[in-house]
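**Student:** generate coordinates for the sequence data below:
(one chain, ligands or ions: 1)
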Amino acid sequence: MLSLGKNDVSVSDHTVLLSIHDVSPIYENHIIKTCDRLQDLGITSYSLLTTPFYKLKTSNKFEKKGFFSEYLQSLGLEITMHGYSHQTKSGSNAEFSKMPSDRMRLRLKQGLALIRNAFSETPVGFIPPLWIAPNGLTKIAKEAGFAYCAIGDIVHNLRDGTKHDTSYNIISQGLDFTTYTNATLETELGGPLQIGIHPLDILNNQLLDFLADLKDRLGYNFLSYSDYLFPS
Ligand SMILES: [Zn+2]
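**Tutor:** So this is what the prediction gives:
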């Protein structure tokens, strides 16, 4: 963990900044089931991390006024931009890792245009795939009009320059529970977390059961990034 400077804030204990990652039409059914399950758990604030052109497949672009775009908007949740294609040329998921600035700038611009077209709203935040990007992304995201971005454990409020530190990130693996068990010590102590649910997690209920345990036994609150940073 980085030491805290004057613009740095530690996210409060017992807080989870929660998101569903890889929101794309390819996972429509899984995402709808996940949203239903979260509703059943009483979790109502989380971010939809939306990838506008997932794996560069035309069939993965959102249709304007399509069923899925309208469904997502009807939930009243935050739509966050999550990469552009979520893939590097070599096929890795860490799309923005080591990406030069001019290419990041272009991908943010093109991705924003796709999201605005599909959802008729502008996302407030940008989160790169796997929370990995060069630090220069914060400046580029701010220039593109985003109000926050998250890299690793740090959530950058681009409006006031504050950095918000969480102690642990959990990126689910779809079918593998090992990442959560590594976080057990942190959660028993009540430390703040970022948790990214992936669409395929619903096929195996461990992550959703883990969220239920955080909420009901350990007293965690769940918030979208924008509800945390910019409470109304
Ligand atoms: Zn992702």
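
**Student:** who touches the helix or strand containing R116?
**Tutor:** Per DSSP states H and E: R116 is located in helix 101-119. For helix 101-119, contacts defined as Cβ atoms under 8 Å, 6 or more residues apart in numbering pick out 50, 52-53, 61-64, 66, 69, 72-73, 79, 81, 83-85, 95-96, 99, 122-123, 126, 133-134, 136-137, 140-141, 143-146. C-beta here means a position set from N, CA and C on the backbone, and glycine is covered the same way.

**Student:** could you list which of the residues you listed belong to helices?
**Tutor:** S69, L72, Q73, L137, I140, A141, E143 (DSSP state H).

**Student:** quick one, what contacts the second one?
**Tutor:** Read that as L72. V23, I31, L48, T50, I79, F119.

**Student:** same check, this time on the last one
**Tutor:** E143 makes contacts with R105, as judged by Cβ under 8 Å, 6+ apart.

**Student:** at 10 Å instead, please
**Tutor:** E143 makes contact with R105, L108, K109, L158, according to Cβ atoms under 10 Å, 6 or more residues apart in numbering.

**Student:** and those residues, which is closest to the ion?
**Tutor:** L108 (15.9 Å; Cβ to the ion).

**Student:** what separation is there between the closest one and S59?
**Tutor:** L108 is 23 Å from S59, where distance means Cβ to Cβ, to the nearest Å.

**Student:** tell me which of the two has more neighbours.
**Tutor:** More crowded of L108 and S59, by other Cβ atoms under 10 Å: L108, with 24 against 9.

**Student:** pLDDT at that one, what is it?
**Tutor:** If you check L108, the pLDDT there is 97.

**Student:** give me phi/psi at the closest residue to I154 other than its chain neighbours?
**Tutor:** Excluding the flanking residues, the one nearest I154 by Cβ to Cβ, 6 or more residues apart in numbering is K163, at 5.1 Å. K163 adopts backbone torsions of phi -120, psi 130, taken as degrees, to the nearest 10.
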